[in-house]
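**Q** sequence plus predicted model, see below.
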Amino acid sequence: MKNHASAYLDFVKAGVDLIRQGRQLPLGGATAVRANGKGPKVVILSPHPDDECVMAALPLRLQEELGCEIVNYAVTLGSNAARKDGRLAELRDACAILGFRNVVPNGGRAFDNVNPKSRSADPAEWQKKVEETAAFLLAERPALVTFPHDDDFNSTHIGVHHLGMDALKLASQRDPSFKTSILETEFWHAMNGPNLLVGVSSEQEALIVAALAAHTGEVERNPYHLLHPGRMMDNVMRGSEVVGGQGGAAVSFDFAMIYRLSRWSTGALQAPWEDGRTFAPGQSLKEILG
């Protein structure tokens, strides 16, 4: 009879073997899986190509369950000039898989230098980015805008947070009636005060991983798409307490994303509820859109 340590060693090795098997799965070349919705719009301000997938859990569910139209606003195409055309092509493939509409600002070239340093050092150039993004938000009138939180480690992620907030403020200045909901995300660094845990089904998680695999140039050097289910499982463990309350019972689903939801109205942020909320796969999301 195996002792407990040996039994768990088999368990751990089986997980590693599964990731290795995943390396043999095809990259790219996937066809469109679904059509976008025609309902309320959700705008993703994505720092890099692939973040539209990383941030996609709730937008994907809103598209599938409430018929929302998901619009990816590709803030940058990365900092490597030689890879920009390739990353744009991969981004289009990934959005086709997810059924997202893709918009590339700055005449289809996206922006460069979206980070706190450039925001301070070149305010005139930063303002141009803010004005274009604000005009886009006013034209689209999204029910929800999502972007990283303000301490997400990566300088472009933090820059996109500031771009989003500055654009929202300008949009409200130009039209005081403008209102939306704001969904902050985390990837490189956990956020303080999350208030929303959104579960996804295995089928929805598989779709996100397939879309990530369309970013072939990125996942060939680092197959992070294969680790995404593990990240979503970790979110379940952490989110059960950081959203549900310290010492709270673990939720019963397998995959989830942690977010912070706020309402934006009259140029200010408002909390949508006092305590954290958890939405299991299949549970109505209407409350999230307000």
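**A** Perfect, I can see it now.

**Q** can you tell me the element the residue nearest to Arg238 when sequence neighbours are not counted falls in?
**A** Leaving aside its chain neighbours, Arg238 sits nearest to Ile258 (6.8 Å; criterion: C-beta to C-beta, 6 or more residues apart in numbering). Placement of C-beta: from N, CA and C, glycine included. Ile258 belongs to strand 255-265 when assigned by DSSP states H and E.

**Q** list the strands paired with that strand, with their directions.
**A** Using DSSP bridges, strand 255-265 pairs in its sheet with strand 180-185 (antiparallel), strand 196-200 (antiparallel), strand 268-270 (antiparallel).

**Q** would you mind giving those as a markdown table with mean neighbour count and mean pLDDT added?
**A** Output for the strands paired with strand 255-265, formatted as a markdown table (neighbours: other C-beta atoms under 10 Å; pLDDT from 0 to 100):
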| stretch | mean neighbour count | mean pLDDT |
| --- | --- | --- |
| strand 180-185 | 24 | 98 |
| strand 196-200 | 25 | 98 |
| strand 268-270 | 11 | 94 |
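
**Q** got the ones you listed as TSV, with distance to Asp151 columns?
**A** As requested, the strands paired with strand 255-265 are exported to TSV (distance: least, C-beta to C-beta, whole Å):
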stretch	distance to Asp151
strand 180-185	10
strand 196-200	17
strand 268-270	16
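
**Q** which of these sits closest to Val242?
**A** Proximity to Val242, assessed across the strands paired with strand 255-265 by C-beta to C-beta, is greatest for strand 196-200 (8.4 Å).

**Q** export stretch 53-71 as PDB, just CAs?
**A** The C-alpha trace of stretch 53-71 is given here as PDB (Å, rounded to 0.1, in the frame of the first residue of the first chain):
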ATOM      1  CA  CYS A  53      -8.500  36.800 -23.300                       C
ATOM      2  CA  VAL A  54      -7.000  37.100 -19.800                       C
ATOM      3  CA  MET A  55      -9.700  39.600 -18.900                       C
ATOM      4  CA  ALA A  56     -12.500  37.700 -20.700                       C
ATOM      5  CA  ALA A  57     -14.300  35.700 -18.100                       C
ATOM      6  CA  LEU A  58     -17.100  38.100 -17.300                       C
ATOM      7  CA  PRO A  59     -17.300  39.700 -20.700                       C
ATOM      8  CA  LEU A  60     -17.700  36.200 -22.300                       C
ATOM      9  CA  ARG A  61     -20.500  35.300 -19.900                       C
ATOM     10  CA  LEU A  62     -22.200  38.600 -20.500                       C
ATOM     11  CA  GLN A  63     -22.100  38.000 -24.200                       C
ATOM     12  CA  GLU A  64     -23.300  34.400 -23.900                       C
ATOM     13  CA  GLU A  65     -26.000  34.900 -21.300                       C
ATOM     14  CA  LEU A  66     -27.200  38.500 -21.800                       C
ATOM     15  CA  GLY A  67     -26.400  39.000 -25.400                       C
ATOM     16  CA  CYS A  68     -23.900  41.800 -24.800                       C
ATOM     17  CA  GLU A  69     -21.700  43.100 -27.600                       C
ATOM     18  CA  ILE A  70     -18.100  42.800 -26.500                       C
ATOM     19  CA  VAL A  71     -15.700  45.400 -28.000                       C
END
